[in-house]
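Novice: Sharing a sequence plus its predicted fold:
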Amino acid sequence: MSETTQPARVLVIMAHPDDPEFSAGGSIARWTSEGHEVVYALVTDGSKGTDDRAMTPPDLVALRKDEQRAAAAALGVHEIIFMGYPDGEVVPDLALRRDLVRVIRQVRPEIILAPDPQTLFTVFGTINHPDHRAVGLAAMDAIFPAARNHNYFPELLAEGLEPVYVKEVYLSGTLHPDTWIDVTATFERKIEALRAHKSQIADMDGLAGRMRERMRQTDSDPDHPVYAEAFRHLKL
Ligand SMILES: [Zn+2]
C-alpha cells in the first residue's frame, strides 16, 4: 500500500465480526483516510460469541451485525458483506472457496487483507481460533489461482463475474511479520471502533491498555511513542 499512489480497493476477508478491528483497525482507518476504498467480507455470523445463556444465537447475530456496522463506520468502512456461515464451523472447502471467489470478483480489489493461515498458535501463546485459520486458507486458495482463472467455477463466469488478478496480500495475526504499518495517527480510532463491539469486550479500558503495550514500537521515543500493526506482505 505504501507504494500505491492511486486510490486502491481493499477487501478485508475475516472470520468474525470484530476481527477487522482487532487485527488491523489502525491500518484500515489509515487506508480510508488516504482515500482508499475498503470493503469487509465476514465469513461467519458470530453466533457463538457469548457466554450469556440468555442470549439466543439469532439475537446475538443481529446485535453483532449492528456492532460491526458501527465499528466499521468508525474506520471509514461502509460496505460489509455478511456471508452468514455458522460461527465456529468453518472448513476451507470448495464451497467456501467458491463463495470467496464470488466476493473477490464482485468487489474486484487490488489488495486483500486476510488472516495468516499458518498461525496455529498465536504470538501470545494461545490457540488461534480455527475459523481464523480456515478463512485464511480458503482466502489464499480463492486468490490464487481460482479468482484469476476463468476455468475455475465457470458458473461464476456465467453470473458475469470476470476473473480478478489480486496484486497484494496482507496477512494479519502472523508469526512471520515483515511489514509494519505506522498507525500512530489512527490508534485512537482503532480503540474507538473496538468500543462498538460491546457484546465482545467486557473491559475496554483494560484492552486499550494492553493494545497500547503490544503495538508500541519499543525503539520509539517514550515521550512520542509510535504504534504499528504487523503484517506479512505478499506481492503476487
Ligand atoms: Zn475472530
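Specialist: Yep, it's here. Numbers count the residues shown, from 1 in each chain.

Novice: Pull up the residues of this protein that are close to the ion.
Specialist: Contact residues, the chain versus the ion (CB under 5 Å from the ion): Ala15, His16, Asp19. No exception for glycine: its C-beta is placed from N, CA and C like everyone else's.

Novice: And the residue nearest to the first one when sequence neighbours are not counted, how far from Trp180?
Specialist: Okay, so that is Ala15. Nearest residue to Ala15, sequence neighbours excluded (CB to CB, 6 or more residues apart in numbering): Asp131, at 3.9 Å. As for Asp131, its distance to Trp180 is 26 Å (criterion: CB to CB, to the nearest Å).

Novice: Who has more neighbours out of those two?
Specialist: Higher neighbour count among Asp131 and Trp180: Asp131, with 24 against 16, using other CB atoms under 10 Å.

Novice: helices and strands around the strand or helix carrying that one, which ones?
Specialist: Secondary structure assigned from DSSP states H and E places Asp131 in helix 130-143. With contacts taken as 3 or more CB pairs under 8 Å, 6 or more residues apart in numbering; DSSP states H and E, helix 130-143 sits against strand 9-14, strand 37-44, helix 94-107, strand 111-115, strand 168-172.

Novice: Redo those as a markdown table? Include mean neighbour count and mean pLDDT.
Specialist: Below are the helices and strands packed on helix 130-143 laid out as a markdown table (neighbours: other CB atoms under 10 Å; pLDDT from 0 to 100):
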| stretch | mean neighbour count | mean pLDDT |
| --- | --- | --- |
| strand 9-14 | 25 | 98 |
| strand 37-44 | 24 | 98 |
| helix 94-107 | 20 | 98 |
| strand 111-115 | 26 | 98 |
| strand 168-172 | 23 | 98 |
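
Novice: and the residue of the chain found nearest the ion, helix, strand or coil?
Specialist: Closest to the ion within the chain is His16: 3.6 Å, counting by CB to the ion. State at His16, reduced to three classes by DSSP: H, G, I helix; E, B strand; the rest coil: coil.

Novice: so what's it up against?
Specialist: Each residue near His16 by CB atoms under 8 Å, 6 or more residues apart in numbering is listed here: Leu42, Val43, Thr44, Gly46, Gly49, Asp87, His129, Asp131.

Novice: Turn the helices and strands packed on helix 130-143 into a markdown table, including distance to Met215.
Specialist: Listed next are the helices and strands packed on helix 130-143 as a markdown table, based on distance: least, CB to CB, whole Å:
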| stretch | distance to Met215 |
| --- | --- |
| strand 9-14 | 18 |
| strand 37-44 | 20 |
| helix 94-107 | 28 |
| strand 111-115 | 17 |
| strand 168-172 | 13 |
